[in-house]
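Engineer: Sequence first, then the predicted structure:
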There are 2 protein chains.
Amino acid sequence: MIKVKGFKFSGINCGIKKSGDKDLGLILSEKRCLSHAVFTKNKVVAAPIEIGKKNIKTNKIHGVIVNSGNANACTGKKGIKATTAILKEIANRTNLDTSNFFPSSTGVIGIQLNYKKINKNIDNLLNSLTQSSFMEFAEAIQTTDKLLKFRHKKIKIGKSSGNLLAIAKGAGMIHPGMATMLCFFITDLKFNSSTFKKLINDAVNGSFNCISIDGDMSTNDTVIGLSNGMANNKKIDNKSRALNEVRAKINGMFYELAELIVKDGEGSTKLCKIIVKGARTKATADTIARKVSNSLLFKTALYGSDPNWGRIIASVGATQINYIDQNKIDIYIDKIKIVKKGEANSNLAIARKIMRKKSIEITVNLNIGKSSAFMLTNDLGHDYVDINSLYTT
Amino acid sequence: MIKVKGFKFSGINCGIKKSGDKDLGLILSEKRCLSHAVFTKNKVVAAPIEIGKKNIKTNKIHGVIVNSGNANACTGKKGIKATTAILKEIANRTNLDTSNFFPSSTGVIGIQLNYKKINKNIDNLLNSLTQSSFMEFAEAIQTTDKLLKFRHKKIKIGKSSGNLLAIAKGAGMIHPGMATMLCFFITDLKFNSSTFKKLINDAVNGSFNCISIDGDMSTNDTVIGLSNGMANNKKIDNKSRALNEVRAKINGMFYELAELIVKDGEGSTKLCKIIVKGARTKATADTIARKVSNSLLFKTALYGSDPNWGRIIASVGATQINYIDQNKIDIYIDKIKIVKKGEANSNLAIARKIMRKKSIEITVNLNIGKSSAFMLTNDLGHDYVDINSLYTT
């Protein structure tokens, strides 16, 4: 049984989703948590993000309250009022302060959130809290996700035994607005504050920041980490022996969740990791990996299992990065070199077979410098078009 | 009958396109032309672009020779040899120098161009030259274009009468590589060199540089202008009375051709002009217009006639431009305001009707500064997916 000391979970339906599916979730810690969050960089942000940014600064977070079915984005002052009213209600019922809660919303953009439906169900939500119902919470934060997304790791530190649990939802697009990537990472391990922040930031950079479903960016994306320290381990800091193991576990969990999100992206049939090597800087490697991963032509070729390297190399060049030399570029599909020094390397028959796999690795080696980067992306096919066009707002 | 003094045209099949469709075109001027070209900014460029860039600098261009069906891109040294061989052949047969010709190719990437097929047909190409066969040339440069694209204007300057003729091909994507936007602009009017360059650069900036089919960028895009001065008008310079009229005509021709290219984009069912107003700078207005015009979510909504403004506003914010204030943003579909200060303005029923039109204007007013920009884009539907995926390299 997966448990994280001192944390309880619940997930219920409060009537936002007319289907009756769960749409309201809560994670509550007995003790105040060390907390750190990473937010969307979109300049248009949802009401809960505005409030969450303030609350996280107080470093007094006890819990997160999340609704799905409505993003509470582009809802102006009324949106702020709605989130505030929800936090007041949950604070009252738990004898805590509004600043002890971190709010999240995901779903439709531009429609006012009916917070009264939520507030009528706060008792119900609190009564459903148990130490083992993280699956109910995971369900309650879903929008169009086809599978529950979570990863759990146990870890021994000295005589203490701790837990790491991350629960995420997908960034696929939903009608009528844009869905959101959310990840709630909780742990009973005790951390030094700056170490905790760095671990989360680094893990996000190597996972959720390297995925592209369609190059768009949500107004609500959030990753939040909460540590209540109830495992009573010796505080993990930059000098801890356990640091490497903890880091590897968090990185691994986040990476696997990121992969799950891409795989589960709407209309997706394939997962593709695009690796750019031999760049002069990490930043330019990243720019190139992003450009290829967002290319419609590449994504449709992926859908059609077409090893169309012309589209890949043209995307690389389209970044207009000055030091690129087309006559040095090698391209591999899995281990098969299909482009050598910018020209066809006639392995197309094998490449074509590989392209039919559900998971493909494409490597672009610029053969100039020593920096690299990667992106996880998926294909663009008929289901994507259907899901994203066959709806009228 | 459309004629441009001193210019002859031809278009034939030389065997590159197995369909037998025209695939080799020539424009030849009696006199050496004042010339200026604008090229793709892609760092991966085709062999003819490398050679064309050198030849245009000599300012001795007499003609352009263009093949379709093969882009001669990512073909290395052999590709350069192929283009060089073609120029040698045409130079020999016309008693001109190779530097008198400007080469273009469009079609498949990464496959060697069989230049021998072209060279065997140079006589045929030259024998087909007539003053009136510009339609044959227009046909020969097509790839997947569904319609011929040209615009012609006559103009009186003093006692002289001159002609402006622009012939283009589309930037829709073709299997298996990336197609190219080409535009050949010829005139018998006499121009001052710097005035001619500025006219072309400005017209390109207001037309071909403002179109997005799929956010990708070809390795071969070229706009070239040739002026042979045979209209014998008083040279047009920055102080000419006729300048405004000439500028308006060139801008108009280029803009209309750009619209035709977007309308004729593969799988396209709709044309959409995205206008960004109230930006602090022209550059940021342009960044925002480009971001929206490349958004898959927006393009699929366009296909589905869905006035999904949440996707538009989220795209605006995704540019991460600092001065954007979501609470100031207004959005219009044609003349209907659907978003007022960042919130829904409930005109969805009317907006939904407008979205069914074949040509739609979307205006985003940031209400911050005084700069504006626009982009022409099209929708993303099932035909796009079919055309770009159902092919195996």
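Structural biologist: Okay, I see it.

Engineer: For stretch A:368-386, measure first residue to last.
Structural biologist: Stretch A:368-386 has its terminal residues 42 Å apart, counting by CA to CA, to the nearest Å.

Engineer: Using CSV, write out every CA atom in stretch A:225-234.
Structural biologist: Extracted in CSV, the C-alpha atoms of stretch A:225-234 (Å, rounded to 0.1, in the frame of the first residue of the first chain):
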residue,chain,number,x,y,z
GLY,A,225,6.5,19.9,-4.3
LEU,A,226,5.5,19.5,-0.6
SER,A,227,7.7,18.1,2.1
ASN,A,228,6.4,17.6,5.6
GLY,A,229,9.5,16.0,7.0
MET,A,230,7.6,13.4,9.0
ALA,A,231,10.0,10.6,8.0
ASN,A,232,12.3,12.1,10.6
ASN,A,233,15.4,11.6,8.5
LYS,A,234,18.5,13.6,8.9
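
Engineer: So which residues make contact with the host helix or strand of A:S293?
Structural biologist: Assigned by DSSP states H and E, A:S293 belongs to helix A:282-294. With contact meaning CB atoms under 8 Å, 6 or more residues apart in numbering or on different chains, helix A:282-294 is reached by A:210, A:212, A:214-215, A:272, A:274-277, A:279, A:298, A:312, A:315-316, A:318-319, A:321, A:323, A:362, A:364, A:366, A:371-377, B:215. Using the backbone N, CA and C atoms, a C-beta is placed for each residue, glycine as well.

Engineer: Which of those fall in strands?
Structural biologist: When these are checked against strands (DSSP state E), the matches are A:212, A:272, A:274-277, A:279, A:362, A:364, A:371-377.

Engineer: ok, of those residues, which one's closest to chain B?
Structural biologist: Compare each of these with chain B using CB to the nearest CB and the shortest gap goes to A:S212, at 10.3 Å.

Engineer: which ones are touching that closest one?
Structural biologist: Going by CB under 8 Å, 6+ apart, A:S212 touches A:262, A:290, A:293-294, A:375-377.

Engineer: do A:K156 as well
Structural biologist: Counted by CB under 8 Å, 6+ apart, A:K156 has contacts A:G162.

Engineer: quick one: the strands in the stretch 51-200 of chain A?
Structural biologist: A:61-70, A:101-108, A:149-157, A:160-169, A:182-187 (DSSP state E, counting those that start in this stretch).

Engineer: of these, which approaches B:V66 most closely?
Structural biologist: Minimum separation from B:V66 across the strands of the stretch 51-200 of chain A (CB to CB) falls at strand A:101-108, 50.1 Å.

Engineer: mind checking how far that closest one is from the chain centre?
Structural biologist: In terms of CA atoms, centre = their mean, to the nearest Å, the centre of strand A:101-108 is found 14 Å from the chain centre.

Engineer: quick one, domains of chain A?
Structural biologist: A:7-263, A:271-389 (automatic domain parsing).

Engineer: Mean pLDDT for those - can I get that in CSV?
Structural biologist: Shown next, in CSV, are the domains of chain A (pLDDT from 0 to 100):
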stretch, mean pLDDT
domain A:7-263, 92
domain A:271-389, 92
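
Engineer: Would you convert those into a markdown table that also reports distance to B:V4?
Structural biologist: Output for the domains of chain A, formatted as a markdown table (distance: least, CB to CB, whole Å):
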| stretch | distance to B:V4 |
| --- | --- |
| domain A:7-263 | 43 |
| domain A:271-389 | 33 |
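
Engineer: Quick one, which of those domains gets closest to B:T84.
Structural biologist: Comparing the domains of chain A by CB to CB, domain A:271-389 comes nearest, at 16.9 Å.

Engineer: and the closest one, how far apart are its ends?
Structural biologist: Using CA to CA, one end of domain A:271-389 lies 22 Å from the other.

Engineer: Point me to the residue of the stretch 51-200 of chain A nearest chain B.
Structural biologist: Of all residues in the stretch 51-200 of chain A, A:I109 sits closest to chain B, at 3.2 Å by CB to the nearest CB.

Engineer: wait, that residue sits on A:A47?
Structural biologist: No. Contact criterion CB atoms under 8 Å: A:I109 and A:A47 do not qualify, at 11.3 Å.

Engineer: Which one's more surrounded, those two?
Structural biologist: A:I109 (29 against 26; other CB atoms under 10 Å in any protein chain shown).

Engineer: any idea how far the more buried one lies from A:S128?
Structural biologist: A:I109 is 28 Å from A:S128, where distance means CB to CB, to the nearest Å.

Engineer: returning to that earlier point: buried ones among the contacts of helix A:282-294?
Structural biologist: A:210, A:212, A:214-215, A:272, A:274-277, A:279, A:298, A:312, A:315-316, A:318-319, A:321, A:362, A:364, A:366, A:371-377, B:215 (16 or more other CB atoms under 10 Å in any protein chain shown).

Engineer: quick revisit: need the strands of the stretch 51-200 of chain A in TSV with distance to B:V223, can you?
Structural biologist: TSV is the format used below for the strands of the stretch 51-200 of chain A (distance: least, CB to CB, whole Å):
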stretch	distance to B:V223
strand A:61-70	48
strand A:101-108	44
strand A:149-157	48
strand A:160-169	47
strand A:182-187	46
